[in-house]
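# Show me the folded form of this:
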Amino acid sequence: MRKFREQPRFFWSEDDICCYLKGLLLKGRLFKSGRVGNVFLRFPTKDTYEHHENGTLFTSPGGKRDHFALAGWTSAVPTTWNHVTQQLSFAIALKHFSTFPKDWAVQIKNEILKLSDDVNGVPIRGRYFLLLTAQQTSLFREQLNSLFAEYPSVRCYQQIAQ
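Down below sits the predicted model:
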């Protein structure tokens, strides 16, 4: 978060941020336990989702799987991409806005919904949402706080670039 605040141009997209975080996690700077290789980019969700007309996600057996930006585990039990054996320890969802789009609240809510969906098997202590913006959010602060409050089981962080 500090690196983003100090040098936001280093991160051109959400994929850049994910790759940087994965590097930190694998080096053990943020994630001290587990074997190397226990962190995956774009890890698929167990649950399937469809979109309402307004863009919000809802769980649906006829929908498609979505993904988490990053996910991993610390379990010594061998785990595969097969969701039957998956034992996630954490999942990270993130959004990066250089300017806030009109549907910013929907995008944030969709990411947090996937984390808080118990079917996906992300433990409560391992649910993280990161919001990285290059624009001050004082106009959105109240709406943002109420949106975060809807999902108390997810740890939400925001960082604004300088």
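
# hey, where'd the strands end up in the chain?
Chain-ordered strands for the chain, with DSSP state E as the definition, fall at 39-51, 57-59, 64-72, 90-97, 127-133, 155-160.

# all helices of the protein, in order?
In chain order, the chain shows helices spanning 2-6, 14-27, 104-116, 141-149, with DSSP state H as the criterion.

# Please convert the ones you listed to JSON lines, extending it with distance to Ala91, mean neighbour count and mean pLDDT.
(Glycine included, C-beta is placed from N, CA and C.) Compiled in JSON lines, the helices of the chain are given as follows (distance: least, Cβ to Cβ, whole Å; neighbours: other Cβ atoms under 10 Å; pLDDT from 0 to 100):
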{"stretch": "helix 2-6", "distance to Ala91": "20", "mean neighbour count": "13", "mean pLDDT": "56"}
{"stretch": "helix 14-27", "distance to Ala91": "12", "mean neighbour count": "16", "mean pLDDT": "71"}
{"stretch": "helix 104-116", "distance to Ala91": "6", "mean neighbour count": "20", "mean pLDDT": "94"}
{"stretch": "helix 141-149", "distance to Ala91": "17", "mean neighbour count": "13", "mean pLDDT": "87"}
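
# out of those helices, nearest to Gln159?
Set against Gln159 and scored by Cβ to Cβ, the helices of the chain come closest in helix 2-6, at 5.4 Å.

# Now Thr133. Nearest residue, chain neighbours left out?
Among residues not flanking Thr133 along the chain, Phe97 sits closest, at 4.9 Å (Cβ to Cβ, 6 or more residues apart in numbering).

# The one you found: what's it in contact with?
Counting by Cβ atoms under 8 Å, 6 or more residues apart in numbering, Phe97 makes contact with Trp104, Leu131, Leu132, Thr133, Ala134, Gln135.

# Check Phe68 too.
Phe68 makes contact with Arg42, Phe43, Thr45, Ala91, Ile92, Ala93, Lys114, Leu115, Asn120, Val122, according to Cβ under 8 Å, 6+ apart.

# let's see it at 7 Å
Each residue near Phe68 by Cβ atoms under 7 Å, 6 or more residues apart in numbering is listed here: Phe43, Thr45, Ala91, Ile92, Ala93, Lys114.

# who's it bridged to?
Phe43 (DSSP bridges).

# Kindly report the same for Phe58.
For Phe58, the residues forming beta bridges with it (DSSP bridges) are Glu50.

# Wait, it touches Asp47, no?
No - between Phe58 and Asp47 no contact is recorded; they are 10.3 Å apart, counting by Cβ atoms under 7 Å.
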